[in-house]
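Enquirer: Pasting the sequence and the predicted coordinates here, then a few questions.
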Amino acid sequence: MNKEYVSGDSDGLAPILVKLYDQHRLYTLAHEAKNNSQTSCQELAATVGSLVGEDLTLQQQELVSDVLMGILRQAEKDLRETMAIRLATTENAPLRLVLALANDEIDVARHVLQNSPVLSDQDLIYIIKSQTGPYWREIARRASLGGDVIALLAETRDVQTARLLIYNEMITIPDPAMGTLADIARTVEDLSVPLLCRKESSDALIRKIYKYASANIRAQIVRKFDLNEQERASVDDAAASARAELIERHAQGNRYPWAPSAKTVETAQKRYLSGAATRFSDILDILKKGNIPSFIAHLSLYTDIDVPRLHDLMCASEGRGLAVLARALNLSKPDFVTIFLLTQRMRSNSKLVDHQTLSSAITSYNRIRTTTARKLIRGSVH
């Protein structure tokens with residue numbers, strides 16, 4: 001940081017900038033000597049807070065932003081985090097500085113992601129698209145979120161993010177996001193009742209979750225919403241109708257060589273409703289035992305993608321369709337490779353996979369983005 005540069009500004013701003021320079025120098029010396037750097041860190045952050053709180057002209061704001069960005073680039077983590085805490089609730093903090101902190105390592109970023117009023121919905125959307133789960137979860141804690149931000153957070157299908165949204169009573173969740181969260185709650189059942197208790201819940205959402213809920217969750221729904229016998233019969237009929245439709249729809253897929261029989265689908269449905277196969281790891285264990293039709297039946301229930309569509313995706317040459325499916329479900333690369341290897345006989349007469357074929361499949365997986373994959377199969381996912 002150049003003292004001549006900062007002292008060349010207007011009379012009112014120059015003393016603070018010079019003080020900032022001196023404190024930054026003391027902080028640097030203290031940090032290098034490992035001597036009371038915490039005190040100098042706090043003092044420097046306090047001066048930063050005073051500086052951004054000044055009533056500045058546009059030219060002065062640009063100068064301050066440049067100076068603070070220069071400090072931030074040289075700062076150690078303790079100073080960056082202290083600055084993030086100080087600026088998290090400051091309404092006129094420089095946007096460039098806040099964005100830099102919001103994209104810093106998560107221990108630094110979480111303060112501004114949760115609280116900064118400077119970040120617009122568009123800023124948050126950019127961060128969600130460019131960052132990963134830990135950043136999504138901090139954004140989901142905010143006291144105020146726009147509908148588009150909430151929808152995008154729900155679409156990540158990250159369970160911890162979904163949980164934070166459901167328990168965040170300060171926000172209003174739009175209907176499409178409630179539907180996405182209901183899909184997640186189908187496989188993470190402890191989210192079902194809290195989701196239905198939200199003010200945005202509807203009768204249609206109750207029926208949607210009840211259709212696929214285990215006996216335990218159904219009992220909780222009945223108790224929580226005090227359903228009478230007629231209402232209970234109505235949701236039971238809806239669940240039975242959905243089950244019959246599912247079995248019939250899947251039975252029609254038997255023209256596909258690896259499709260499950262209606263009996264296999266019915267068995268899968270019973271296991272799913274009992275809670276015995278609601279996690280992807282449970283379903284993958286079925287495939288590891290060599291039972292491809294049962295795997296497809298359980299996967300269809302897990303994803304709500306019908307059997308013919310799943311069959312086509314898994315049979316596509318060189319694993320391209322399977323790569324799309326894996327990315328859409330946000331499966332890890334090891335899980336994708338496991339499924340690819342164990343379903344090789346669906347795509348070839350040989351159970352063996354040569355190096356070139358496996359390499360091509362992994363390339364397909366690496367190239368496709370989760371958002372693109374979901375768009376490709378969106379017509380099959382409800």
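Expert: Perfect, thanks for sending it.
Enquirer: Can you tell me the SS state at Pro194?
Expert: helix (DSSP: H, G, I helix; E, B strand; the rest coil).
Enquirer: okay, and for the stretch 51-200 of the chain, where does confidence drop off?
Expert: 51-61, 64, 74 (pLDDT under 70).
Enquirer: What are the boundaries of the helices in it?
Expert: 58-74, 77-87, 95-102, 106-115, 121-130, 133-140, 147-155, 159-167, 175-187, 192-196 (DSSP state H, counting those that start in this stretch).
Enquirer: Over to the stretch 251-382 of the chain?
Expert: Going by DSSP H, counting those that start in this stretch, the stretch 251-382 of the chain shows helices at 262-274, 280-288, 292-303, 307-315, 320-328, 333-342, 344-347, 355-367, 370-377.
Enquirer: most neighbours per residue, which of the ones you listed?
Expert: Scoring these by mean neighbour count under mean count of other Cβ atoms under 10 Å gives helix 292-303 as the most buried, with a mean of 24. To be clear about C-beta, it is placed using only N, CA and C from the backbone, and glycine gets the same treatment.
Enquirer: gap between Val193 and Pro117?
Expert: 33 Å (Cβ to Cβ, to the nearest Å).
Enquirer: Same question for Glu105.
Expert: Taking Cβ to Cβ as the measure, Glu105 falls 22 Å from Pro117.
Enquirer: which of the two has more neighbours?
Expert: Neighbours were counted for Glu105 and for Pro117 using other Cβ atoms under 10 Å; Pro117 has more, 16 against 11.
Enquirer: so what's that one up against?
Expert: Neighbouring residues of Pro117 by Cβ atoms under 8 Å, 6 or more residues apart in numbering: 89, 91.
Enquirer: Can you list phi and psi of it for me?
Expert: phi -80, psi -10 (degrees, to the nearest 10).
Enquirer: follow-up on the earlier one: as CSV, the helices of the stretch 251-382 of the chain with mean pLDDT and distance to Glu76 would be great.
Expert: Shown next, in CSV, are the helices of the stretch 251-382 of the chain (pLDDT from 0 to 100; distance: least, Cβ to Cβ, whole Å):
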stretch, mean pLDDT, distance to Glu76
helix 262-274, 81, 51
helix 280-288, 90, 40
helix 292-303, 88, 46
helix 307-315, 86, 49
helix 320-328, 91, 38
helix 333-342, 92, 34
helix 344-347, 86, 51
helix 355-367, 89, 35
helix 370-377, 83, 34
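Enquirer: For the ones you listed, give me JSON lines that also has distance to Arg141.
Expert: As requested, the helices of the stretch 251-382 of the chain are arranged in JSON lines below (distance: least, Cβ to Cβ, whole Å):
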{"stretch": "helix 262-274", "distance to Arg141": "32"}
{"stretch": "helix 280-288", "distance to Arg141": "26"}
{"stretch": "helix 292-303", "distance to Arg141": "28"}
{"stretch": "helix 307-315", "distance to Arg141": "36"}
{"stretch": "helix 320-328", "distance to Arg141": "27"}
{"stretch": "helix 333-342", "distance to Arg141": "29"}
{"stretch": "helix 344-347", "distance to Arg141": "43"}
{"stretch": "helix 355-367", "distance to Arg141": "32"}
{"stretch": "helix 370-377", "distance to Arg141": "23"}
